[in-house]
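Peer 1: model the following, please.
(chains A, B, C and D)
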There are 2 protein chains.
Amino acid sequence: MSDSPKARRSDATKAAILAAARERFGHDGYERATIRAIATQAEIDPAMVMRYFGSKEGLFAAAAQFDLRLPDLGALPREEIGRVLVGHFLDVWESGDNFFALLRAAVTNEAAAERMQQLFATQVVPAIAPAITDPKTVPIRAGLIATQMLGLALCRYVLRLPPVVALQREQLIALIGPSIQQRLTGPLA
Amino acid sequence: MSDSPKARRSDATKAAILAAARERFGHDGYERATIRAIATQAEIDPAMVMRYFGSKEGLFAAAAQFDLRLPDLGALPREEIGRVLVGHFLDVWESGDNFFALLRAAVTNEAAAERMQQLFATQVVPAIAPAITDPKTVPIRAGLIATQMLGLALCRYVLRLPPVVALQREQLIALIGPSIQQRLTGPLA
DNA sequence: GTCTATAATTCGATAGAC
DNA sequence: GTCTATCGAATTATAGAC
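Peer 2: Residues are numbered from 1 along each chain as shown, chains lettered A, B, ... in the order given. Next up, the predicted model:
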């Protein structure tokens, strides 16, 4: 076979670099995460990072690719959408470091902030649009939902405010799900 | 007088450094804000920063002192508390760079994150406690309010999501005030 | 009190041997 | 493809002249 344990070593190395990069960018943010630290964690030479990704920015661009995998909300009972949405975001956040790499970087890096705006416009807005009756209110409702969900991510995983950390998954769904539901299908003000 | 225009020069210099530090920390975050840039903006020598504050960390600690000046909620009509709170936070955020210096730094700096937790525990929780009937629910309600308000600050001023930026002060109060009111005086779930 | 000069690190990036 | 060696720039911080 062309796929012996050592074949395609470069792909495995590349994947290891990306995994380490997401973890370092996620923990430390863009500027504190160093190519040297990423390489050490991936157990490869720092020069390989440059060879594969060209620059630190190139590495971040590759590591910050992100798919929220938002479900088709149109296929759900209307009253459950809010809770499903909260549960889905919790799943995504706790599934890896990808998202926090982007969030932490976006706070101090302009390019990362723009990627966050793109992610909002190309994934969040289209995904929730089917659940909203009046198309004119889609951007505002999406924006308000973003403030609540990103605020939850910020307080729980980044700032680690004790009462927010203490809440368990089911409690968070029960507490915040109805608020999201209200932003989707309730009156705006 | 002992207070001629050039007297107490050191105090004025110190204040100028702190003002510049808040602006640079607020715009760039902790790591990208350099002592050189802060000194240039304050129109003084970089060495003076070290002389007055000892280190970059010392300067940040001095610059990140922050008073939310939350009003006495017990003195307000119960139904207005939510809207007043939102308006007050908008005032504070738009009154200077102090808060964003702390927020941006807290995302990539552990010490700053702990200061944020302190600010939550010593200012937010006590301030909203009088508005809440069941004392046992105070931390959870305060935590949920923090997720909504910090999420708003994040999306509007840091990530600059277009629909959230477009909303005007009065709209934000009308849209988010009732949600905060619900977190304070409504049923929890 | 103010500034010059510079020490001591650390970083991203490059060149080139093997 | 992988690694060694190192460059050049930028940083915080210090020492000391005036």
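
Peer 1: now tell me what touches stretch A:74-85 from outside.
Peer 2: Contacts with stretch A:74-85, where a contact means CB atoms under 8 Å, 6 or more residues apart in numbering or on different chains, come from A:70-71, A:73, A:128, A:130-131, A:145, A:149, A:173-174, A:176-185. Every C-beta, even on glycine, is put in place using the N, C-alpha and C of the backbone.

Peer 1: which of those residues are buried?
Peer 2: A:70, A:73, A:128, A:131, A:145, A:149, A:173, A:176-184 (16 or more other CB atoms under 10 Å in any protein chain shown).

Peer 1: which strands and helices sit next to the helix ranked longest in chain A?
Peer 2: Looking across chain A with DSSP state H, the single longest helix is helix A:9-32. Secondary-structure packing of helix A:9-32 (3 or more CB pairs under 8 Å, 6 or more residues apart in numbering or on different chains; DSSP states H and E): helix A:35-42, helix A:46-53, helix A:56-63, helix A:98-108, helix B:9-32, helix B:98-108.

Peer 1: give me the subset of the contacts of stretch A:74-85 lying in helices.
Peer 2: Filtering these for helices - DSSP H - leaves A:128, A:145, A:149, A:173-174, A:176-185.

Peer 1: can I see the domain layout of chain A?
Peer 2: Domains of chain A are assigned by automatic domain parsing as A:9-63, A:73-185.

Peer 1: mean pLDDT and distance to B:S55 for those - can I get that in a markdown table?
Peer 2: Compiled in a markdown table, the domains of chain A are given as follows (pLDDT from 0 to 100; distance: least, CB to CB, whole Å):
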| stretch | mean pLDDT | distance to B:S55 |
| --- | --- | --- |
| domain A:9-63 | 94 | 17 |
| domain A:73-185 | 97 | 20 |
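
Peer 1: same list, the buried ones among the contacts of stretch A:74-85, but only the ones touching chain B.
Peer 2: A:149, A:176, A:178-179, A:182 (CB under 8 Å from any CB of the partner chain).

Peer 1: now do the contacts for the closest residue to A:A37 other than its chain neighbours.
Peer 2: Of all residues not flanking A:A37 in the chain, A:R24 sits nearest, at 5.6 Å (CB to CB, 6 or more residues apart in numbering or on different chains). Applying CB under 8 Å, 6+ apart, we find A:R24 in contact with A:33-34, A:37-38, A:41.

Peer 1: and those, which are buried?
Peer 2: Here, 16+ other CB under 10 Å leaves A:33, A:37-38 buried among the contacts of A:R24.

Peer 1: from the chain's centroid, how far away is stretch A:57-68?
Peer 2: 11 Å (CA atoms, centre = their mean, to the nearest Å).

Peer 1: how about the nearest residue to A:L18 once chain neighbours are set aside, what does it touch?
Peer 2: Counting by CB to CB, 6+ apart, A:L18 lies nearest to A:A63, which is 5.5 Å off, once chain neighbours are set aside. By CB under 8 Å, 6+ apart, the residues touching A:A63 are A:18, A:21-22, A:25, A:98, A:101.

Peer 1: and those, which are buried?
Peer 2: In these, the ones that pass as buried (16+ other CB under 10 Å) are A:18, A:21-22, A:25, A:98, A:101.

Peer 1: OK, now which residue of chain A is nearest to chain B?
Peer 2: Nearest to chain B in chain A, going by CB to the nearest CB, is A:G151, at a distance of 1.9 Å.

Peer 1: I'd say that residue and B:T147 touch.
Peer 2: Yes - the pair A:G151 / B:T147 is scored as a contact, 4.1 Å apart, by CB atoms under 8 Å.

Peer 1: among these two, which residue is more densely surrounded?
Peer 2: B:T147 (29 against 24; other CB atoms under 10 Å in any protein chain shown).
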